[in-house]
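Chemist: I'll drop the sequence and a predicted model, then ask my questions.
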Amino acid sequence: MPDIAQFLHKLSVYAIPVILAITFHEAAHGWVAYKKGDPTAKMLGRVTLNPFPHIDPFGTILLPAMMLLLGTGMVFGWAKPVPVNFRLLRDQKRDPIYVSAAGVVTNLGLAAVSGLLFRLITAIDPALLLEAMSHGAAPLADTPARTLLVPLTLMCVVSVQFNVLLAVFNLIPVPPLDGGRIAVGLLPPGPSMALASVERYGMLIVLLLLMFGPLGIIWRFIDMISTFILGG
């Protein structure tokens with residue numbers, strides 16, 4: 001039976017970084033699309049850092065909570081995709097690349113900021129990391145500062161890992177993922193049209209890749225990047 005207290009501790013650490021990562025990712029798509037000529041997301045209220053317009057009940061709330069409750073060792077999720085009318089973009093070849101890359105770049109930026117904050121906190125109080133890993137998100141009676149800094153330290157770690165996960169996952173070169181749309185924009189006309197034509201089967205292909213592909217290599221790559229950002 002799942003440990004409810006442990007689940008609530010994990011939830012308190014994971015909720016904010018996961019929601020921020022997903023919100024910033026989708027808002028970045030909408031903002032760049034708006035700057036490139038497509039006002040669709042702006043008119044629908046999706047160019048915002050308010051998380052509520054972006055929340056998908058299953059992908060943002062239920063799935064991550066179930067993964068935490070079941071102790072899967074990882075958390076994954078998604079938001080409602082931001083609507084983009086690529087026909088309204090001023091440059092039909094290059095602008096879709098910028099719109100698609102915006103989410104990935106934003107996630108990597110959030111990971112970098114979280115990594116810097118993590119390094120700063122642990123440099124000020126080197127013993128804090130050991131406390132965080134030993135006690136989790138449970139409040140410590142040590143000092144009032146540590147009561148705040150231990151959860152914040154763990155949130156930084158989660159933020160780095162989840163943002164790197166989102167960035168790497170979205171770079172898989174299969175539409176409708178961001179990497180697929182970037183590849184469609186970069187490839188010559190023939191291969192570009194061929195890749196774009198598989199979009200209707202894209203998520204099925206991605207699921208098959210995750211089930212039968214080199215998943216271990218992908219996780220090691222994510223772990224390597226996260227460890228580098230966190231300073232080892």
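Modeler: Great, that's in hand. Numbering: from 1, shown residues only.

Chemist: burial count for A65?
Modeler: A65 is flanked by 17 other residues according to other Cβ atoms under 10 Å. Just so you know, the C-beta spots here come from the backbone N, C-alpha and C atoms, and that holds for glycine as well.

Chemist: my read: it touches V18, true?
Modeler: No: the pair A65 / V18 is not scored as a contact, 10.0 Å apart, by Cβ atoms under 8 Å.

Chemist: max-length helix in the chain?
Modeler: helix 4-35 (DSSP state H).

Chemist: what's the offset of that one from the middle of its chain?
Modeler: 7 Å (Cα atoms, centre = their mean, to the nearest Å).

Chemist: Could you report the pLDDT at M133?
Modeler: In this prediction, M133 carries a pLDDT score of 62.

Chemist: With I205 instead?
Modeler: At I205, pLDDT is 86.

Chemist: One more: T40?
Modeler: Confidence for T40, expressed as pLDDT, is 96.

Chemist: hang on, the earlier thing: identify each buried residue in the longest helix of the chain, please.
Modeler: 9-10, 13-15, 17-35 (16 or more other Cβ atoms under 10 Å).

Chemist: try stretch 58-75
Modeler: Here stretch 58-75 shows 59-60, 63-65, 67-69, 75 as buried, counting by 16+ other Cβ under 10 Å.

Chemist: Quick check: next helix or strand after the helix or strand of the chain with the lowest mean pLDDT?
Modeler: Here the helix or strand of the chain ranked lowest by mean pLDDT, DSSP states H and E is helix 128-135, holding a mean of 64. Using DSSP states H and E, the helix or strand that follows helix 128-135 in sequence is helix 144-170.

Chemist: looking only at pLDDT, what's the mean for that following helix?
Modeler: On average, helix 144-170 scores 88.

Chemist: helices or strands up against that helix?
Modeler: helix 4-35, helix 95-124, helix 128-135, helix 215-229 (3 or more Cβ pairs under 8 Å, 6 or more residues apart in numbering; DSSP states H and E).

Chemist: now what about the last one, what contacts it?
Modeler: Spelled out, it's helix 215-229. 111-112, 114-115, 160-161, 164-165, 168 (Cβ atoms under 8 Å, 6 or more residues apart in numbering).
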